[in-house]
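**Q** give me a 3D structure for the following:
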Amino acid sequence: MRADAIRNLDAVLETGARLLAEDPSTSIATIAAEAGVDRRTVYRRFATREALLAAVLHKKLDAVDEALADARLESAPPAVALHRWVEGIIPVIRRYPIDIPRMCCENDEDTAVFDRMEGQRDQFQAFVQRAIDQGVLRSGLPEGLPHALLHQMVGLMARQFPDIEPAPAADIVVDAMLGGIGQP
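**A** Residues are numbered from 1 along each chain as shown. Below you'll find the predicted structure:
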């Protein structure tokens, strides 16, 4: 693809993620106008709004995969991996604010998206368990609580404090996480 075509596609996907997160019935014409491209440009690439939505969901999942890989959840010291993951996932949430579970799972393509998302969750949950096993996070908490707290803190930081850069935002989240449910 040409550089301008890549820029246009990125603009359409990011704009689509934002607008579809705000209103799942947003039209392709609205997304195109907001992205600064002609709607015919979007229709050449995506025949339907559902095809555009699928592309947005896959783009977000690709970005999450990259953040997971960059964090080295299986091999880096847990506190380091946690910081790297938070620092990497905050820009993903800001760029693609669409809520995958809310937007999918009505057809086979959606089921594949959901399965991929579940695989990412499982990978992160295994990391949380490793952090507990290594004594970085407190054991004995209700099952799923560390993951849920982290998910909420990261979402809060990404959405409510967009002016805080990812690295200092990660400092805040990791400090709160380790200070709040770290070992006493």
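**Q** and this structure, what are its domains?
**A** The record's domain split for the chain, according to automatic domain parsing, is 1-47, 54-181.
**Q** so where's this structure uncertain?
**A** For the chain, applying pLDDT under 70 flags the ranges 1, 101-110, 181-184.
**Q** and the helices in it?
**A** 3-22, 28-35, 39-45, 49-71, 78-95, 100-103, 108-133, 145-160, 166-181 (DSSP state H).
**Q** for the second one, buried residues please.
**A** Same thing as helix 28-35. The neighbour-count criterion (16 or more other C-beta atoms under 10 Å) identifies 28, 30-32, 35 as the buried residues of helix 28-35. Quick note: C-beta positions are derived from backbone N, CA and C, even for glycine.
**Q** redo those residues as TSV? Include distance to Ala112.
**A** Rendered in TSV, the data for the buried residues of helix 28-35 read as follows (distance: C-beta to C-beta, whole Å):
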residue	distance to Ala112
Ile28	22
Thr30	27
Ile31	23
Ala32	26
Ala35	26
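**Q** of those residues, closest to Pro97?
**A** Nearest to Pro97 among the buried residues of helix 28-35, counting by C-beta to C-beta, is Ile31 at 13.9 Å.
**Q** OK, contacts around that closest one?
**A** If a contact means C-beta atoms under 8 Å, 6 or more residues apart in numbering, then Ile31 has 12, 15-16, 19-20, 42, 52 as its contacts.
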